[in-house]
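Undergrad: Sequence first, then the predicted structure, then my questions.
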Amino acid sequence: MRRRRRRNKYDKYGIYEIPNYSPRKGKRRKKKKTSLAGVVKTFLLLWGIILLIYIVSYGVKYSMKDEAVSLYSEGDYPGAVDLFEEALKPRLPFLNKFDNDIRYYMADCYVNMKEFDLACHQYDMIKLWSDDTEEKADYYENIAYGLLLYNWKDYRQALPILEKAYEDGYGDLVLYVGSCYGQLGDLENMQLYYNVFLQNHELNSFMYAQYASIALDENEMEKALNYIEEGKKLSDQSCIREILFDEIVYYEKLKDYNTAYQKVTDFMSKYPNDAEGRNELDILYTRQSIDKK
């Protein structure tokens, strides 16, 4: 007896039993294999984009720095600082040395602007972003700190720092060293350093302010007034603020409180944020009112 072929359960109409018939199977889509060449191509494309951004950003930084250095050379320190700050904003890897060079310029700008605390901050940033110990930054920061102490009227602490820097070759500090001695009552050493300055320069507003202040301390009123008046006439007005303050003290010591009050009022119109001037204004307001009665 012939054996019955078992019909395929999917063969509803018996077509699988037709000779030479084979059902066509749908082709399965093969998953595309990611080739190594494609990975490399994508990697190179990404690096190309990064490199392009890097080059453009560096170009912007370099251009800003170059323009800021020009302003620095011309003595426009506030303008230079603004551009240096912009040049630092695009923080790029591997450019720490370039950025630190900008910070050195900024710190020197702040020193020339007599904002010594900001100069110290820039030197701290240099040390933070340096790959190794920045001895130069340490040294300059110490000088800026000495000048900051001078601004705070801590002449005793400022003197050894500034005198050491002067002896190291920073001749621009000669007047600060002399002033420290003068403020500490050592007029002989003060004049010694001032004479060094006067070998190549004329009396400037800094020295007139110092001489006037010392004369006031010694109650040499006529001499003090002469220094004040001569100092006000100078073309060099870098220390005119100190000279004008000496003038207030001069009239206050004479007990001419009305004139002193007028002088301090004029002073505050020029220097509205001056703490010493504000204190004198408060004191003289009361005294000039009493004097009027």
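TA: The structure has been received and is ready for your questions.
Undergrad: Could you chop this structure up by domain?
TA: 52-152, 202-293 (automatic domain parsing).
Undergrad: how far out from the middle of the chain is the longest one?
TA: This points to domain 52-152. 6 Å (C-alpha atoms, centre = their mean, to the nearest Å).
Undergrad: Can you show me the helices along the protein?
TA: Secondary structure of the chain (DSSP state H): helices at 36-73, 77-88, 96-112, 116-129, 135-151, 155-167, 174-183, 187-198, 205-217, 221-233, 240-253, 257-270, 275-292.
Undergrad: Among the ones you listed, show me which one is buried the most.
TA: Of all these, helix 174-183 has the most neighbours on average by mean count of other C-beta atoms under 10 Å, namely a mean of 24. For every residue, glycine as well, the C-beta is placed using N, CA and C.
Undergrad: and the angle for that one with helix 205-217?
TA: 0 degrees (axes from the mean of the first three to the mean of the last three C-alpha atoms, to 10 degrees).
Undergrad: tell me what helix 174-183 is packed against?
TA: Under the contact criterion of 3 or more C-beta pairs under 8 Å, 6 or more residues apart in numbering; DSSP states H and E, helix 174-183 touches helix 135-151, helix 155-167, helix 187-198, helix 205-217.
Undergrad: To D117, which of the ones you listed lies closest?
TA: helix 135-151 (5.8 Å; C-beta to C-beta).
Undergrad: what's in contact with that closest one?
TA: The contact list for helix 135-151 (C-beta atoms under 8 Å, 6 or more residues apart in numbering) reads 104, 107, 110-111, 114, 116-117, 119-120, 123-124, 126-127, 130, 155, 157-158, 161-162, 165, 170, 173, 176, 179-180.
Undergrad: ditto for stretch 272-280
TA: So stretch 272-280 is contacted by R241, F245, I248, E252, A260, V264, F267, M268, Y271 (C-beta under 8 Å, 6+ apart).
Undergrad: give me that answer again for 6 Å
TA: I248, V264, F267, M268, Y271 (C-beta atoms under 6 Å, 6 or more residues apart in numbering).
Undergrad: got a markdown table for those, with pLDDT and distance to L225 too?
TA: Formatted as a markdown table, the contacts of stretch 272-280 follow (pLDDT from 0 to 100; distance: C-beta to C-beta, whole Å):
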| residue | pLDDT | distance to L225 |
| --- | --- | --- |
| I248 | 96 | 13 |
| V264 | 95 | 17 |
| F267 | 96 | 17 |
| M268 | 95 | 22 |
| Y271 | 93 | 21 |
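Undergrad: quick one: which of those residues is nearest to Q237?
TA: Y271 (13.1 Å).
Undergrad: All good on my end, thank you.
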